[in-house]
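Engineer: Got a predicted structure here, sequence first:
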Amino acid sequence: MPERRLNRIGEDEWEIAQEGAMRVPARIFASADLIAGLDDKVLEQAANVAMLPGIVEASYAMPDAHWGYGFPIGGVAAFDPDEGGVISAGGVGFDISCGVRTLLTGIGAGAIAAQRERLADALFQRIPAGVGSHGEISLTPKDMDAMLRGGAAWAVGRGWGEADDLTRTEDYGCVAGACPEFISAKAKERQKGEMGTLGSGNHYLEVQRVAAVFDEDAARVYGLKTGDAVVSIHCGSRGLGHQIGTEALREMALTAASHGIALPDRELACAPIASETGQRYLGAMRAAINCALANRQILTHLARSVFAAILPRAQLRLLYDVSHNTCKEETHTVEGRARALYVHRKGATRALGPGHPALPPDLRAVGQPVLIGGTMGTGSWILRGTAEGTTRAFASACHGAGRSLSRHAARQRWQGRAVIDSLAERGIIVRSRSAKGVAEEAPGAYKDVDAVVAAAHRARLATKVARLEPLICIKG
DNA sequence: ATGTCC
């Protein structure tokens, strides 16, 4: 049904007009080709989100959008607390604050070539990866609460990083309003041994080569040069975020009716921002954001220790760390009025344009680095936020390639061993304990990341700075 | 995404 309701309103922008229970339209940023390959269920989900109380402007989907739990992955929606706006655990995603950080190395990819196998082995040995993976750190209850309040700043304070890392992390490595007291003992128990671990699924640590630069001015400020090696880390809040999400969804599903909320889909369970359920989730979610920031910070420390042993000339400096599964209170101007909104980004990256006060001074003139994690066989991208983005999807952009096949379908089509062998022939080293996981993450199971980024670029959600190609991929 | 179903 939604296909016929889809109106093209720009070269790379489509709209489902507001109708029926929709409070606002749904808008999708994508090329005609990406729209042709889009599952109808994504359009239905984007339209369903538009029915939620207090939604502002439109329900948005990014060019990498695909079917998710309730909300599409690649979905953006903002809610006004003064108009009955809601917070939804499914609108953030199970892996709260999943995100990407990219580190400069200061050395060329050529300098790594002779050590590639050793480097891959050492990273794989040092970085705990896979389902249920545990690290060397075990947090006491007191440590746990300090971590949940302090985020990456807590990790740096413990010696796992440098002060400069924090200036290059979204929110300077620590979000305010975290409430560890709203997190269950079970969630904390699951997390206590999982700090500094990668997890599974689409998470990875990659050594990459800057294959091409598209914006010389931004690349200079970001410190990117063609041929340079960089390191990117993609992971989130592990068992803690998952447990918080699971518990919140259950509570929101049980209490939605009592708040007078009619759900078009049970998976869109939500609670008014002002409600006790809503406030408890927000406090727990913010603590999970800090957990993910601390996790990526510890992984950074582990990566540095490996490089120090194998390639001591490399100096790993953080370019930027940005999350793509969050809900954040932000001020946006809508129809000429500045409003404090709760912006859900689920598989969508915040993309602040030039001059935004939340950016560190040395990046402010250029805009925020927007880190796009692609696939282990194709590539990843670094984009920059734009001035126009301020009025497009609440300053948001895509977050990756976006799945085109389900995990199940990918497992039917590929064998992990064969995927690893064919990538090795192309000079890409993959290390993973899970052949099944590699099959699910086969590059062919994703949309064309270059096409996704091209659509985001043309729509001015964020514009191209550099394309990265994988050299070494450590997978969960 | 996830101790891939308490």
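Structural biologist: That came through, no problem.
Engineer: What separation do you get for whatever residue of the stretch 351-476 of chain A ends up closest to DNA strand B and residue A:127?
Structural biologist: DNA strand B sits closest to residue A:476 of the stretch 351-476 of chain A, with a gap of 5.7 Å, by CB to the nearest atom of the strand. Using the backbone N, CA and C atoms, a C-beta is placed for each residue, glycine as well. Taking CB to CB, to the nearest Å as the measure, residue A:476 falls 10 Å from residue A:127.
Engineer: Over to residue A:194?
Structural biologist: Distance from residue A:194 to residue A:127, counting by CB to CB: 13 Å.
Engineer: can I assume residue A:270 is in contact with residue A:252?
Structural biologist: Yes: shown here, residue A:270 and residue A:252 form a contact pair, counting by CB atoms under 8 Å, at 5.5 Å.
Engineer: Next up, the contacts around residue A:423.
Structural biologist: A:376-377, A:429-430, A:473 (CB atoms under 8 Å, 6 or more residues apart in numbering).
Engineer: Regarding it, which helix or strand does it belong to?
Structural biologist: Taking DSSP states H and E as the criterion, the element that holds residue A:423 is helix A:416-425.
Engineer: for residue A:41, same thing?
Structural biologist: Assigned by DSSP H and E, residue A:41 belongs to helix A:40-49.
Engineer: ok, now residue A:465?
Structural biologist: strand A:462-475.
Engineer: can you state the direction angle for that strand and helix A:416-425?
Structural biologist: 120 degrees (axes from the mean of the first three to the mean of the last three CA atoms, to 10 degrees).
Engineer: State the mean pLDDT of stretch A:155-166.
Structural biologist: For stretch A:155-166, mean pLDDT is 98.
Engineer: Now the two most distant members of the contacts of residue A:423.
Structural biologist: Using CB to CB, the two most remote members of the contacts of residue A:423 are A:377 and A:429, lying 12.0 Å apart.
Engineer: ok, back up a step: which residues are in contact with each of residue A:476 and residue A:127?
Structural biologist: residue A:198.
Engineer: how about the residues of the stretch 1-150 of chain A near DNA strand B?
Structural biologist: Proximity of the stretch 1-150 of chain A to DNA strand B (CB under 7 Å from any atom of the strand) is limited to residues A:94-95, A:98, A:131-132.
Engineer: Tell me the most packed of these, by neighbour count.
Structural biologist: Within these, most neighbours by other CB atoms under 10 Å means residue A:98, with 28 neighbours.
Engineer: Can you report phi and psi for that residue?
Structural biologist: phi -50, psi 140 (degrees, to the nearest 10).
Engineer: so where is chain A shaky, pLDDT-wise?
Structural biologist: A:1-4 (pLDDT under 70).
Engineer: after the helix holding residue A:423 comes which helix or strand?
Structural biologist: strand A:429-431.
Engineer: Which strands or helices does that next one pack on?
Structural biologist: helix A:116-126, helix A:416-425, strand A:462-475 (3 or more CB pairs under 8 Å, 6 or more residues apart in numbering; DSSP states H and E).
Engineer: at 6 Å what do you get?
Structural biologist: Packed against strand A:429-431 by the contact rule (3 or more CB pairs under 6 Å, 6 or more residues apart in numbering; DSSP states H and E) you find helix A:116-126, strand A:462-475.
Engineer: Can you give the distance from the helix or strand that the first one is followed by to the centre of its chain?
Structural biologist: Read in the C-terminal direction, the helix or strand following helix A:116-126 is helix A:141-157, with elements assigned using DSSP H and E. Distance of helix A:141-157 from the chain centroid (CA atoms, centre = their mean, to the nearest Å) equals 21 Å.
Engineer: Nearest the middle, which residue of chain A would you pick?
Structural biologist: Closest to where the C-alpha atoms of chain A average out (CA atoms, centre = their mean) is residue A:324, at 2.7 Å.
Engineer: backbone phi and psi for it, please?
Structural biologist: Backbone dihedrals for residue A:324, given as degrees, to the nearest 10, come out at phi -130, psi 20.
Engineer: and if you look at residue A:318?
Structural biologist: Residue torsions, per degrees, to the nearest 10, at residue A:318 are phi -70, psi 120.
Engineer: in the sheet, who's paired with it?
Structural biologist: Assessed by DSSP bridges, residue A:318 has beta-bridge partners residue A:103.
Engineer: Spell out the secondary structure type for the spatially closest residue to residue A:7 that is not a sequence neighbour.
Structural biologist: Leaving aside its sequence neighbours, residue A:7 sits nearest to residue A:15 (CB to CB, 6 or more residues apart in numbering; 5.1 Å). Secondary structure for residue A:15, judged by DSSP: H, G, I helix; E, B strand; the rest coil, is strand.
Engineer: What is the burial count for residue A:15?
Structural biologist: With other CB under 10 Å as criterion, residue A:15 counts 16.
Engineer: still on that earlier bit, pick out whichever of residue A:270 and residue A:252 has more residues nearby.
Structural biologist: Shown here are residue A:270 and residue A:252; by other CB under 10 Å, residue A:270 has more neighbours (33 against 26).
Engineer: Pretty sure the more buried one sits against residue A:84.
Structural biologist: No: assessed by CB atoms under 6 Å, residue A:270 is found out of contact with residue A:84, at 10.9 Å.
Engineer: Pull the contacting residues for residue A:214.
Structural biologist: residue A:464 (CB atoms under 6 Å, 6 or more residues apart in numbering).
Engineer: what are the phi and psi values for it?
Structural biologist: Main-chain dihedrals, residue A:214, degrees, to the nearest 10: phi -110, psi -10.
Engineer: Show me the longest helix that occurs in chain A.
Structural biologist: Identified as the longest helix of chain A according to DSSP state H is helix A:276-310.
Engineer: ok and that helix relative to helix A:141-157, angle-wise?
Structural biologist: Using the same axes, to 10 degrees: helix A:276-310 against helix A:141-157 is 50 degrees.
Engineer: Can you give me the buried ones in helix A:276-310?
Structural biologist: Residues A:277-304, A:306-307, A:310 are the ones in helix A:276-310 that count as buried (16 or more other CB atoms under 10 Å).
Engineer: So for residue A:451, which of the helices and strands packed on strand A:429-431 sits nearest?
Structural biologist: Evaluated with CB to CB, the helices and strands packed on strand A:429-431 place strand A:462-475 nearest to residue A:451, the distance being 12.6 Å.
Engineer: elements contacting that closest one?
Structural biologist: For strand A:462-475, the packing partners by 3+ CB pairs under 6 Å, 6+ apart are helix A:116-126, strand A:204-213, helix A:216-222, strand A:380-385, strand A:429-431, helix A:449-458.
Engineer: Please tabulate the ones you listed in JSON lines, including the columns mean neighbour count.
Structural biologist: Converted to JSON lines, these look like this (neighbours: other CB atoms under 10 Å):
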{"stretch": "helix A:116-126", "mean neighbour count": "17"}
{"stretch": "strand A:204-213", "mean neighbour count": "22"}
{"stretch": "helix A:216-222", "mean neighbour count": "17"}
{"stretch": "strand A:380-385", "mean neighbour count": "28"}
{"stretch": "strand A:429-431", "mean neighbour count": "21"}
{"stretch": "helix A:449-458", "mean neighbour count": "22"}
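Engineer: out of the ones you listed, nearest to residue A:330?
Structural biologist: Nearest to residue A:330 among the helices and strands packed on strand A:462-475 is strand A:380-385 (13.2 Å), distances taken as CB to CB.
Engineer: Name the strands paired with the helix or strand just after that closest one and say parallel or antiparallel.
Structural biologist: Downstream of strand A:380-385, the next assigned helix or strand under DSSP H and E is strand A:396-397. Strand A:396-397 pairs in its sheet with strand A:349-350 (antiparallel), by DSSP bridges.
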